[in-house]
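Visitor: here is my input, please return the structure:
(chains A and B)
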2 protein chains.
Amino acid sequence: MPKTISNISVDCVIFGFDFKQLNVLLVERKLEEPKSKKVLIDDWTLVGYHILEDENIDNAAARILKSMSGLDHVFLEQFHTFGNANRLNNPKDKLWLKHQSEGFSDRVVTVAYLSLIDSTSVSLSLKERNVKWYPVNELPELGFDHRKIFEKGLDRLRDKVRSEPIGFELLPEKFTISQLQRLYEEILGTEFDRRNFRKKVLQMKYVIPLDEKQKGVKHKPAQLFIFSREVYEKTKTERFDFSV
Amino acid sequence: MPKTISNISVDCVIFGFDFKQLNVLLVERKLEEPKSKKVLIDDWTLVGYHILEDENIDNAAARILKSMSGLDHVFLEQFHTFGNANRLNNPKDKLWLKHQSEGFSDRVVTVAYLSLIDSTSVSLSLKERNVKWYPVNELPELGFDHRKIFEKGLDRLRDKVRSEPIGFELLPEKFTISQLQRLYEEILGTEFDRRNFRKKVLQMKYVIPLDEKQKGVKHKPAQLFIFSREVYEKTKTERFDFSV
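Guide: You can find the predicted model right below:
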């Protein structure tokens, strides 16, 4: 593996949706005393790593995402860079860095990416490290400044779903209107009236009804829909709304 | 001056408005052969520099902006980080880097900031370097990947003025509706109907008419207005527009 750059990293805020709640992917950060096996650190962080010497930052984020989920061609977009001089200065973070063999700097600027995954169709893996989906409102203690990065990522997701149809990235290809409603309620932390939401969605030319219903569900199977980016791109209109 | 970090910089896309056109602030990049005075490089770049060892990236951007314009407390917001491995690989860029005494890396990740300035009220200065406002549609050749950074900055400005009242940052405290219209036309590259624009602005509670008119103008003096961020924050409503 080529050499890493000691003071530049990427971190990914990877959101997934399991039809019930919005989750974020975390990786366990565990450090034990080699002999006594005493646990020195056991908390969680976002998924990230240092960039390689000849690697574009966008490629670094895609590489890390793929190594976790096996997926490429998923939604992945840079949203903010975190570069406070003291962002890794907490004693646990210093201890962790001291035990890494790669010789990372303790002054690291990290470029954060937002990623959206249909988590019902991926299985996660990471050699020698625990990875796990956590509901966004039940996060464990996060290392480094990752709580701050997560929160900014969630804000960005909320901003984006208000103005672009990106929520569909979190759903399987075929979905029901109830699933879409639940997703938007989870992201925005609010509740919508069922009938109004349905009416609104049915007006969107880019949400296309299929002649097909859910299978293998216990309740009455609901109609399935797909999202068409092509129709969206063709029908969207120029927005000018500086009064907001 | 504390040591700089060799592979991390900030660059500022600083926009100004002179009541006629939208401008961007550039600094000349000139290199002469020491003896023959033959000009090796003479082009322009955005305003930027490497960050210091103990400096937060936001502070680095504010420091650089202040060193150019004397201003602090102006609109300054991070918008994107550029980190392609080959972004400084053009022969002129390599030559420039070779002649800098600080020992900069040729693999630099740069964090780009958007800044908005009322350019009618500032005078620019920079020791030993030429700085100049250029109209955004008459830019000279730009060094490094700064054309790309500029274009992404202009896109961001356009996106932002469509959804937030940030255009006012580019105007003096007191302005006329014609000046505001000219500004929005310049930013969005379009023309608005005078009467409709006026009507729209007069509906905005946060654009407040003053009992005061322009002074020292040759034409009939127009009424002056101020923007109130306080009123804006109090009157803005939650937007939910995922249909765009």
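
Visitor: and chain A, what are its domains?
Guide: Structural domains assigned to chain A are A:4-162, A:173-235, following automatic domain parsing.

Visitor: distance of the closest residue to residue A:70 other than its chain neighbours from chain B?
Guide: Closest residue to residue A:70 apart from its sequence neighbours, by Cβ to Cβ, 6 or more residues apart in numbering or on different chains: residue A:122 at 6.8 Å. Glycine gets a C-beta too; all of them are placed from N, C-alpha and C. Residue A:122 is 24 Å from chain B, where distance means Cβ to the nearest Cβ, to the nearest Å.

Visitor: can you pull the contacts of residue A:122?
Guide: A:16, A:69-71 (Cβ atoms under 8 Å, 6 or more residues apart in numbering or on different chains).

Visitor: one more time with 7 Å, if that's ok
Guide: Remark: with contacts taken as Cβ atoms under 7 Å, 6 or more residues apart in numbering or on different chains, residue A:122 is in contact with A:69-71.

Visitor: ok, of these, which come out buried?
Guide: Neighbour-count burial (16 or more other Cβ atoms under 10 Å in any protein chain shown) is assigned, among the contacts of residue A:122, to A:69, A:71.

Visitor: report the lowest-confidence entry in the contacts of residue A:122.
Guide: pLDDT across the contacts of residue A:122 is lowest for residue A:69, at 78.

Visitor: and that residue, how far is that from chain B?
Guide: 22 Å.

Visitor: is it true that that residue touches residue A:124?
Guide: Yes - Residue A:69 lies in contact with residue A:124 (Cβ atoms under 7 Å); the separation is 5.9 Å.

Visitor: in a helix, residue A:58, correct?
Guide: Yes - according to DSSP: H, G, I helix; E, B strand; the rest coil, residue A:58 belongs to a helix.

Visitor: and for it, nearest residue in space, chain neighbours not counted?
Guide: In space, residue A:58 is closest to residue A:78, 7.0 Å off (Cβ to Cβ, 6+ apart).

Visitor: the host helix or strand of the one you found to strand B:75-82, inter-axis angle?
Guide: Assigned by DSSP states H and E, residue A:78 belongs to strand A:75-82. If you take axes from the mean of the first three to the mean of the last three Cα atoms, to 10 degrees, strand A:75-82 sits at 130 degrees to strand B:75-82.

Visitor: kindly check the end-to-end length of stretch A:37-56 for me.
Guide: Using Cα to Cα, to the nearest Å, the end-to-end distance of stretch A:37-56 comes to 38 Å.

Visitor: next, the buried residues of it.
Guide: A:41, A:43-52, A:55-56.

Visitor: with stretch A:65-78 instead?
Guide: A:65, A:68-69, A:71, A:74-76, A:78.

Visitor: can you show me the helices along chain A?
Guide: For chain A, the helices defined by DSSP state H cover A:57-69, A:91-98, A:146-163, A:177-188, A:194-203, A:229-235.

Visitor: kindly report the residues of chain A close to chain B.
Guide: A:5, A:7-8, A:53-57, A:78, A:80-81, A:83-85, A:107, A:109, A:111, A:161-165, A:204, A:236, A:239-244 (Cβ under 7 Å from any Cβ of the partner chain).

Visitor: pull out the buried members of those residues.
Guide: By 16+ other Cβ under 10 Å, those give A:5, A:7-8, A:55-57, A:78, A:80-81, A:83-85, A:107, A:109, A:111, A:161-163, A:165, A:204, A:242-243 as buried.

Visitor: just checking, residue A:161 touches residue A:186?
Guide: No - Residue A:161 lies out of contact with residue A:186 (Cβ under 7 Å); the separation is 10.5 Å.

Visitor: tally of neighbours for the residue lying closest to residue A:25 once chain neighbours are set aside?
Guide: Leaving aside its sequence neighbours, residue A:25 sits nearest to residue A:14 (Cβ to Cβ, 6+ apart; 4.0 Å). Using other Cβ atoms under 10 Å in any protein chain shown, residue A:14 has 29 other residues around it.

Visitor: contact partners for residue A:14?
Guide: A:24-25, A:47, A:65, A:115, A:117.

Visitor: returning to that earlier point: list phi and psi for the residue nearest to residue A:70.
Guide: phi -120, psi 150 (degrees, to the nearest 10).

Visitor: tell me which residues in the longest strand seen in chain A are buried?
Guide: The residue-count maximum for a strand in chain A (DSSP state E) belongs to strand A:4-17. Within strand A:4-17, the residues that count as buried by 16+ other Cβ under 10 Å are A:4-5, A:7-17.

Visitor: and of those residues, the nearest to residue A:30?
Guide: Nearest to residue A:30 among the buried residues of strand A:4-17: residue A:11, at 18.2 Å, using Cβ to Cβ.

Visitor: what's across from the closest one in the sheet?
Guide: As for beta bridges, residue A:11 partners with residue A:48, residue A:112 under DSSP bridges.

Visitor: so it touches residue A:115, yeah?
Guide: No - between residue A:11 and residue A:115 there is no contact under Cβ under 7 Å: 10.6 Å.

Visitor: ok so, going back, how big is the angle separating the strand holding residue A:78 from helix A:57-69?
Guide: Using the same axes, to 10 degrees, strand A:75-82 lies at 120 degrees relative to helix A:57-69.

Visitor: can you list the strands that strand A:75-82 pairs with?
Guide: For strand A:75-82, pairing defined by DSSP bridges yields strand A:109-117 (antiparallel).

Visitor: got the CA positions of the partner strand in CSV?
Guide: Output of strand A:109-117 as CSV, limited to C-alpha atoms (Å, rounded to 0.1, in the frame of the first residue of the first chain):
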residue,chain,number,x,y,z
VAL,A,109,-7.2,18.5,8.6
THR,A,110,-10.1,16.2,7.7
VAL,A,111,-12.4,16.5,4.7
ALA,A,112,-15.8,15.2,5.6
TYR,A,113,-18.1,13.5,3.1
LEU,A,114,-21.8,12.7,3.2
SER,A,115,-22.9,9.3,1.9
LEU,A,116,-26.3,7.9,1.5
ILE,A,117,-26.8,4.1,1.3
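
Visitor: contact partners of it?
Guide: For strand A:109-117, using Cβ under 7 Å, 6+ apart, the contacting residues are A:7-16, A:48, A:57, A:61, A:65, A:69, A:71, A:74-83, A:149, A:153, A:156-157, A:166, A:169-170, B:8, B:57, B:81, B:83.

Visitor: okay, and the beta partners of residue A:134?
Guide: Bridge pairing for residue A:134 - DSSP bridges - gives residue A:24.

Visitor: can you name the residues that contact it?
Guide: A:23-24, A:26, A:140.

Visitor: repeat for residue A:2
Guide: With Cβ under 7 Å, 6+ apart, residue A:2 has these contacts: A:52-54.

Visitor: and these, which of them are in strands?
Guide: residue A:52.

Visitor: which of the contacts of residue A:2 lies closest to chain B?
Guide: residue A:54 (5.0 Å; Cβ to the nearest Cβ).

Visitor: tell me the phi and psi of the closest residue to the closest one other than its chain neighbours?
Guide: Excluding its sequence neighbours, the residue lying closest to residue A:54 (Cβ to Cβ, 6+ apart) is residue B:85, at 5.0 Å. Backbone torsions for residue B:85, taken as degrees, to the nearest 10, come to phi -60, psi -30.

Visitor: which residues touch residue B:85?
Guide: Per Cβ under 7 Å, 6+ apart, neighbours of residue B:85: A:54-56, B:107.
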